[in-house]
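Q: Sequence first, then the predicted structure:
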Amino acid sequence: MNLAVIFGGKSDEHEVSRNSAVNVLTALEESGHDVLVVGITKAGRWYATKASHEEIANGDWEKRTDNRQAVIPADPVAHGFLIFDEADHAELHRIDCIIPVLHGDHGEDGDIQGLFELAEIPYCGPGVRASANAMDKSVTKKLAAVTGVDMAKYCVLKKYEYDKNPEEQIARALAVDDGNFPLFVKPSSAGSSVGAHKVKKAEDLRPAIEDAFLYDDKVLVEEMIAGREIEVALLGNEEPKASCVGEILSADEFYDYDAKYNNPESRTRVIDDLPEETLNQVRNYAVEIFKALDCRGLSRCDFFYSNDGRIVFNEINTLPGFTNISMYPQLWAAMGKPAPQLLEELIQLALEEHQWN
């Protein structure tokens, strides 16, 4: 098939996307696909590139003089990319399926999925509505609540209201856990724990909130759930399958961006020390949350297993990472699906889901 892989983007997770793309491209090459590789710069420019994996990983792909501007026409007749040469002549590259290896803003929030829908090109991952709802954690919580899963106590702060009366909004945040600390503060719509803070005392709450507002105009303040961070990978459309349950062993106080991607002491593993009944319940919740948000293709569902034995839903990620340390491909590999097979299944799910007349 003629596939397109899109990586990079304007989000704060640009570098993560590049590393994910290298692993996705490696798996697709093993399967013998014809792949058009399109990188999006941090400035939002789209280029078809023949960069090596190393150049993609370290960012040097942008320096190649043979990169060519790439555009997806919204007109569904094109069904692919227009690639422009040096004389601004365009050649059409028809595409059977797009694999968006994008994280964060404009990549997993429904923006780019809307373009794929207009162009009527099949693509991997959840659609516009599910992507937008999963990206906004405050909306995710409301939709996931129908499953009956336990969740941390929380409040949502809006920047407009905070700017009008910050003291009132800080008081709301302090009341989340009846004045107890620590509290977690994070942007409502951001990935990889960008802008997230563990706040241990009242005087640190305001700067944490104001930093989180740099990334979003809605901020979540949540009670801290003491326990283990666990995750489930999901694969499927209307009848998704859940992987085994994995655990994050963070080298820092919590699994923020630096602990996840820059600290080699952070580890992940498949859980083997909890009762099977508990693990099955986690997997069942993950499936039900996936369905409640109307997800398709793939997602990763994150929970806490609290010290008092509760399963507490945290969030769902609709385009999880494919880096060397990412849990999603690791969990499926543990289930006997190496990356090439996993990508093949994701492509088939995309083709089944997106069948335009």
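A: Happy to help now that I have it.
Q: What part of the chain, helix or strand, is modelled with the least confidence?
A: Comparing every helix and strand of the chain by mean pLDDT, DSSP states H and E singles out helix 257-261 as the least confident one, with a mean of 50.
Q: Just the residues contacting the next helix or strand after it, thanks.
A: The helix or strand immediately downstream of helix 257-261 is strand 267-270, counting by DSSP states H and E. The contact list for strand 267-270, computed with CB atoms under 8 Å, 6 or more residues apart in numbering, reads 244, 245, 246, 247, 248, 249, 251, 325, 327, 330, 331, 334. No exception for glycine: its C-beta is placed from N, CA and C like everyone else's.
Q: Which among the residues you listed count as buried?
A: The neighbour-count test (16 or more other CB atoms under 10 Å) applied to those identifies 244, 245, 246, 247, 248, 327, 330, 331 as buried.
Q: how about the first one, what does it touch?
A: For residue 244, the contacting residues are 270, 271, 279, 331, 334, 335, taking CB under 8 Å, 6+ apart as the criterion.
Q: ok, so of those residues, who is nearest residue 56?
A: Nearest to residue 56 among the contacts of residue 244, counting by CB to CB, is residue 331 at 24.3 Å.
Q: my read is that closest one is in a strand, agree?
A: No - according to DSSP: H, G, I helix; E, B strand; the rest coil, residue 331 belongs to no strand; its state is helix.
Q: Pretty sure it sits against residue 232.
A: Yes - taking CB atoms under 8 Å as the contact criterion, residue 331 and residue 232 are neighbours in contact, 7.3 Å apart.
Q: between those two, what contacts are shared?
A: By the contact definition CB under 8 Å, 6+ apart, residue 331 and residue 232 are jointly contacted by 243, 246.
Q: Now do the buried residues in stretch 72-80.
A: In terms of neighbour count (16+ other CB under 10 Å), stretch 72-80 has its buried residues at 72, 73, 78, 79, 80.
Q: Out of those residues, list just those in strands.
A: Among the buried residues of stretch 72-80, DSSP state E puts residue 80 in strands.
Q: Distance to residue 317 and pLDDT for the buried residues of stretch 72-80 - can I get that in TSV?
A: TSV is the format used below for those (distance: CB to CB, whole Å; pLDDT from 0 to 100):
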residue	distance to residue 317	pLDDT
72	24	97
73	30	96
78	31	93
79	29	94
80	28	96
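Q: Just the closest of the buried residues of stretch 72-80 to residue 138, please.
A: Distance ranking of the buried residues of stretch 72-80 against residue 138, using CB to CB, places residue 72 first at 30.5 Å.
Q: Now that closest one: closest residue in space, sequence neighbours ignored.
A: Here the nearest residue to residue 72 in space, its sequence neighbours aside, is residue 119; by CB to CB, 6 or more residues apart in numbering that works out to 5.2 Å.
Q: In this structure that neighbour contacts residue 74, no?
A: Yes - checked against CB under 8 Å, the pair residue 119 and residue 74 is within contact range at 5.8 Å.
Q: my guess is residue 306 contacts residue 225, does it?
A: Yes - with the criterion set as CB under 8 Å, residue 306 and residue 225 qualify as a contacting pair; they are 5.3 Å apart.
Q: Which one of those two is surrounded by more residues?
A: residue 225 (21 against 15; other CB atoms under 10 Å).
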